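# generate coordinates for the sequence data below:
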Amino acid sequence: MKTLYVMRHAKSAWGEPGLGDFDRPLLEKGKKRTKKVIDYLLNKRVKPELIITSPALRALETARIMLHGLHVDKDALQEEKSIYTSDAGQFSDVLFDIPASVSSIMIVGHNPAVTEFINSFLDVKIDPIPTSGIAAFEFNADDWNEIRKTDPKVKFIIYPKMLG
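Below is the predicted model:
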């Protein structure tokens, strides 16, 4: 059994003079909303074995908040450059490199790729997944290379506004 959590980074700062897209930090509001999501995930006993994130600051900060909040070992955080500019297909490529011994992972990335990737597993599409939103899927597979051959079970799709 494989479990996949796909998350869009938290709300970030826009329009700071001299700051490029890659270096945009999280807003305090984004951090607080992410902590609401963490409370939900803790209640569901979510603890991914591996968190793979875009190296862009807003995604990396989100991944670190998740790592700490879910009590995941700091060595379980992995940066993947391709997630920063990826599309849904590149997300799949990232999965195929994960060892079969890892049964649950979280990917933290950016729209539109995050929404496209989530929608690739859904019959009823969402558009778009909000910041700090996360979708969880379960696959009856022994290897990450096999997940596309199975019917995913949607465990949940959650985002801060749903949590009050």
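
# give me the pLDDT for residue 96.
pLDDT, residue 96: 86.

# surely it meets residue 146?
No - using C-beta atoms under 8 Å, residue 96 is not in contact with residue 146, being 10.0 Å away. The way it works is simple: take the backbone N, C-alpha and C, and place the C-beta from them, glycine included.

# run a quick neighbour tally on residue 97.
Neighbours of residue 97 under the rule other C-beta atoms under 10 Å: 10.

# actually residue 99, not the one I wrote
Residue 99: 9 neighbours (other C-beta under 10 Å).

# secondary structure of it: a strand, I assume?
No - read with DSSP: H, G, I helix; E, B strand; the rest coil, residue 99 is coil and lies in no strand.

# list phi and psi for it.
Per-residue torsions, residue 99: phi -60, psi 150 (degrees, to the nearest 10).

# need the contact list for it.
Counting by C-beta atoms under 8 Å, 6 or more residues apart in numbering, residue 99 makes contact with nothing.

# distance between the ends of stretch 103-123?
24 Å (C-alpha to C-alpha, to the nearest Å).

# for the protein, give me the ranges with low pLDDT.
Within the chain, the stretches with pLDDT under 70 are 15.

# for residue 61, what are its contacts?
The contact partners of residue 61, taken as C-beta under 8 Å, 6+ apart, are 9-10, 25-26, 31.

# could you dump those into CSV with neighbour count added?
Compiled in CSV, the contacts of residue 61 are given as follows (neighbours: other C-beta atoms under 10 Å):
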residue, neighbour count
9, 28
10, 28
25, 15
26, 25
31, 16
